[in-house]
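*Asks:* no FASTA, just this:
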């Protein structure tokens, strides 16, 4: 029995511990299965996805010096997408709906980009604070605006992912709680609506992981 609508996102279990966070690592046990059959259909599909992401991220990064750096963002995409999709299954904790996980991924990336950029490309980083063609009168204001927009980047990445995961799950929970009080005909409509919402949430789970990875790639390209 839920005491609160948001208790579906509560990481604590009946034992009083945060064992629900272990759902983040379920993929570690599932990934080796795809290597038993070579080449399996799952492996072929995943290689195609990885190659497509590698080509796209390589274009976005626009850097020839770090050829293997796209693997970081492909791994980030894979982890977020897996956790988003696992959260749609019953009784599996949605870890990406918590700022602890989303900010824990966004903040170290952003800090490492900033440290690398300010140490190796200091003039380039200063140039980013004043967009080209800015009138001299507006330059102090543009520096403040660009600095603020740069500082809030990890927060926007984390909040966007967590908020999208929470919104869809809350809507499905609200509709599901109305089931016992509905008539037989309305329950049929409710089931159809829930199935459509589940399809939408599956698309959102993939899109949000892609957006997180692409924005991280764009932020890294600015420091090179």
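*Replies:* Yep, it's here. Only a predicted model underlies this, so the values are computations on that prediction, with no experimental measurement involved.
*Asks:* CA only for contacts and neighbour counts going forward, please
*Replies:* Noted.
*Asks:* same for the lowest-mean-pLDDT helix or strand in the chain, what does it pack against?
*Replies:* Of all helical and strand segments in the chain, the minimum by mean pLDDT, DSSP states H and E falls on helix 26-30, at a mean of 71. Of the remaining helices and strands, none touches helix 26-30 by 3 or more C-alpha pairs under 8 Å, 6 or more residues apart in numbering; DSSP states H and E.
*Asks:* buried stuff in that helix?
*Replies:* Within helix 26-30, no residue counts as buried by 16 or more other C-alpha atoms under 10 Å.
*Asks:* give me the below-cutoff pLDDT ranges for the protein.
*Replies:* The chain contains residues with pLDDT under 70 at 1-9, 12-19, 30-38, 63-67.
*Asks:* in it, which spans are helices?
*Replies:* 26-30, 41-61, 70-86, 99-120, 122-128, 139-151, 153-177, 184-221 (DSSP state H).
*Asks:* export those helices to CSV and append columns for distance to residue 92.
*Replies:* Below are those laid out as CSV (distance: least, C-alpha to C-alpha, whole Å):
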stretch, distance to residue 92
helix 26-30, 10
helix 41-61, 23
helix 70-86, 7
helix 99-120, 16
helix 122-128, 43
helix 139-151, 33
helix 153-177, 12
helix 184-221, 15
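*Asks:* of all those, which lies closest to residue 20?
*Replies:* With respect to residue 20, and counting by C-alpha to C-alpha, the nearest of these is helix 26-30 at 10.8 Å.
*Asks:* what are the contacting residues of the closest one?
*Replies:* Applying C-alpha atoms under 8 Å, 6 or more residues apart in numbering, the external contacts of helix 26-30 come out as residue 82.
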